[in-house]
Structure formats: structure tokens, C-alpha cells
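Chemist: Build me a model from this:
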Amino acid sequence: MEGYKGESMRIMGLDFGSKTVGVAISDSLLLTAQGIEIIERKEENKLRKTLARLEELIVEYKVKEIVLGLPKNMNDTLGARAELTIDFKEKLERRTGLPVKLWDERLTTVAADKAMMEAGIRREHRKEHVDRIAACFILQGYLDYRKNEENNLWIR
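Modeler: You can find the predicted model right below:
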């Protein structure tokens, strides 16, 4: 899946859950994140269809890197959900050949919920959007971090 010489590249952000995977994609300038899809997972321990759909999106959007939300506990420890996420990261890297970065996703679901509330999305409709929006927050945080690191290189 390597290649795409001379074309713009994008970064994919993922919010990996037991029932769904929220997917966001950066613009080609790597400045903004847009939520594009929520992949429904039929069974928590089966990933074949999820990985196949992610591969299709990677090709379609010319993704060069993936950012995966890591659900740390508030005290900075890793729980069972984080362990499953790390296992998913390894499968994703093996399957796609792309680098997968883990990104602290604490409070992204809270932020996504707040953003939907402020946008006037009714409570009963929020559940269908939250994972995609959380993926946006994960990816946008990473894009902003990259931009800041880039700017700091110029200052030194």
C-alpha cells in the first residue's frame, strides 16, 4: 500500500470502539479533520470486515499515516479497552503497512458530545454521530500537534 509518489497525502484518524469505529480524514494540506464514516462492528472480537473497509478508505483517500485514539484511564493507566486498542494497532500496521500512531483520546467523546449539544443535535440522535466526531477530535489534536512541532523547528 506504499507509493502515491507526487500526490498529496492524508492522515486517517480512528476512534476504535467495541461496536463501531469512527473514521476521520485530514485534508491534503494536513490542517483540518473531517469525519467521513462510522464502521459498524457486528462482533467485538472479529475485525476482518473492519480492516477490509479501512483498507478501501486508505486507498480511496491516499492515506499515508493513521492516528488511533488510545483510551487511557483518567489516572494515565491503561485498562482493558486500551489493551484491545493496542492489539488493533498491531493488526492495522501488519495489514496496511502504514505507520499507526497512538493518540491520547481522553475526553474526546465528552468533547464530541458537547459539540453536538452546542450544534443543537437532539440527544436521541447524538449516538449515531459521536464516534465519527470523536475521530475528528483525535485527528485534529494530532494535526495541531504536528503543526506546532513543525513551527517549533523554525524557531530553534
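Chemist: mind listing the helices in the protein by residue range?
Modeler: With DSSP state H as the criterion, the chain has helices at 48-61, 80-96, 108-118, 123-126, 130-155.
Chemist: which helices and strands does the last one pack with?
Modeler: Using 3 or more Cβ pairs under 8 Å, 6 or more residues apart in numbering; DSSP states H and E as the contact criterion, the secondary-structure elements in contact with helix 130-155 are strand 10-16, strand 20-26, strand 33-40, strand 63-70, strand 100-104, helix 108-118. Bear in mind the C-beta positions are built from the backbone N, C-alpha and C, glycine included.
Chemist: Out of these, which gets the lowest mean score?
Modeler: Ranked by mean pLDDT, the helices and strands packed on helix 130-155 end with helix 108-118 at the bottom, a mean of 75.
Chemist: from what I can see Ser8 touches Ser28, true?
Modeler: Yes. Taking contacts as Cβ atoms under 8 Å, Ser8 lies within contact range of Ser28: 3.5 Å.
Chemist: Contacts for the helix or strand of the chain with the lowest mean pLDDT, please.
Modeler: Lowest by mean pLDDT, DSSP states H and E among the helices and strands of the chain is helix 123-126, with a mean of 73. With contacts defined as Cβ atoms under 8 Å, 6 or more residues apart in numbering, helix 123-126 is touched by 113, 116-117.
Chemist: Can you tell me which of those residues is nearest Ile36?
Modeler: Met116 (16.8 Å; Cβ to Cβ).
Chemist: Tell me how far the closest one lies from Asp27.
Modeler: 22 Å (Cβ to Cβ, to the nearest Å).
Chemist: Appreciated, that's everything.
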